[in-house]
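In: Sharing a model that was predicted from the sequence below.
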Amino acid sequence: MTAALFTPYTIKNVTFPNRIVMSPMCMYSCEARDGKATNFHYTHYTSRAVGKVGLIFTEAAAVTMQGRISPEDLGIWSDEHIEGLTNIVTLSKEQGAKVGIQLAHAGRKAKVDGSILAPSALPFDDKMKTPEEMTKEQIQDTITAFQEGARRAKESGFDVIELHAAHGYLISEFLSPLTNNRNDEYGGTREKRYKFLRETIDSVKNVWDGPLFVRISADEYHEEGNTIDDFIYFASEMKTQGVDLVDCSTGGIVPAKINAYPGYQVTHAERIRRGATIATGAVGLITHPLQAEEIIQNERADLVFLARELLRNPYWPRTAAVELGVELEAPKQYERGWN
């Protein structure tokens, strides 16, 4: 019997060859600070495709210049980015992987020149800028920017789009009562705090009919923050809007000390999967093949997202296959050294 980790998984018309996902990770490698992909990106992502990762996410791609996490991040705010992103997709797909892109806006955590925007004028900490509170016009412009990013992602050939609503960036700032103290229709109750994400999802789906994921921070590590019940509510709303999977991370909303241990975020994926009856992805110090297999085998999540472990070992799927007794087809060029 094939290990659960290596069973295919289909969402809409896209089938991932296994349940192993490369999580989005900032690479800080746009040398010209223009958001365009470089040779490093082509090598970095393609090597994980050669290593048989089923779904590869690029790093967060900024939908506006102002919304970059750093000036060295990938961008998708201009049609000039399409060529480089297409190269990433083409090279990775040639090796059998599916490819996703995470669309993002850093909000108050943007480390760029000039003013930065957020739901409310609250800095992340005393070392970072105080953002400007977004006007309704700026909110609508940003929603349009996400839609345009989705259009460019489609033109670039990506299989999956993920909206970055985690880690204290713009969408999660709207969701959290810790960072959203607006008095209009975008703040207050959790229904109102969800409005920005709701409108962003609807806007993206106007141009994108493929698999749509949303990453959340399912624990804000603060007694006055959102609870797991709030995130089950948000996930349930996402499901009604046609979101296919919720990628369950934690933290980053406000400064916090997090007790991170192997698999420390898996329970969040499990509870949201059951509470909202939506597919989930588990992420966070997942490093061992048996650990990943247990998550999928016991239906605690539908996909396993690996981050730093895939920086250490681009061929981690082969390591997992050997550990789990699975015959994983080698790239033909590597057959003599694969098994």
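Out: Good, I have the coordinates.

In: Verify the contact between residue 35 and residue 78 for me.
Out: Yes: under the criterion of CB atoms under 8 Å, residue 35 makes contact with residue 78 at 7.3 Å. All C-beta spots, glycine's among them, are computed from the backbone N, C-alpha and C.

In: Need the nearest residue in space to residue 213, chain neighbours excluded.
Out: Nearest non-adjacent residue to residue 213, counting by CB to CB, 6 or more residues apart in numbering: residue 162, 3.9 Å away.

In: And for the one you found, the neighbour number?
Out: For residue 162, the tally of surrounding residues (other CB atoms under 10 Å) stands at 29.

In: Which neighbouring elements make contact with the helix or strand hosting it?
Out: Taking DSSP states H and E as the criterion, residue 162 maps to strand 160-165. Here strand 160-165 is seen to pack against strand 55-62, strand 98-104, helix 136-156, helix 170-175, helix 195-205, strand 212-217 when contacts are counted using 3 or more CB pairs under 8 Å, 6 or more residues apart in numbering; DSSP states H and E.

In: cutoff 10 Å now
Out: Helices and strands touching strand 160-165, by 3 or more CB pairs under 10 Å, 6 or more residues apart in numbering; DSSP states H and E, are strand 55-62, strand 98-104, helix 136-156, helix 170-175, helix 195-205, strand 212-217, helix 228-241, strand 245-249.

In: and that strand, which strands flank it?
Out: Using DSSP bridges, the neighbouring strands of strand 160-165 in the sheet come out as strand 98-104 (parallel), strand 212-217 (parallel).

In: any chance of the ones you listed in TSV, plus mean neighbour count and mean pLDDT?
Out: Written out in TSV, the entries for those read as follows (neighbours: other CB atoms under 10 Å; pLDDT from 0 to 100):
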stretch	mean neighbour count	mean pLDDT
strand 98-104	26	98
strand 212-217	26	98
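
In: could I get those as TSV with distance to residue 254?
Out: Converted to TSV, the strands paired with strand 160-165 look like this (distance: least, CB to CB, whole Å):
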stretch	distance to residue 254
strand 98-104	19
strand 212-217	10
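
In: Show me where the stretch 151-300 of the chain dips below the pLDDT cut-off.
Out: Counting by pLDDT under 70, the stretch 151-300 of the chain has no low-confidence residues at all.

In: give me every residue that touches the nearest residue to residue 136 once chain neighbours are set aside.
Out: Nearest-residue entry for residue 136: residue 184, 7.3 Å, with adjacent residues in sequence omitted and distances by CB to CB, 6+ apart. By CB atoms under 10 Å, 6 or more residues apart in numbering, the residues touching residue 184 are 136, 139, 192, 195.
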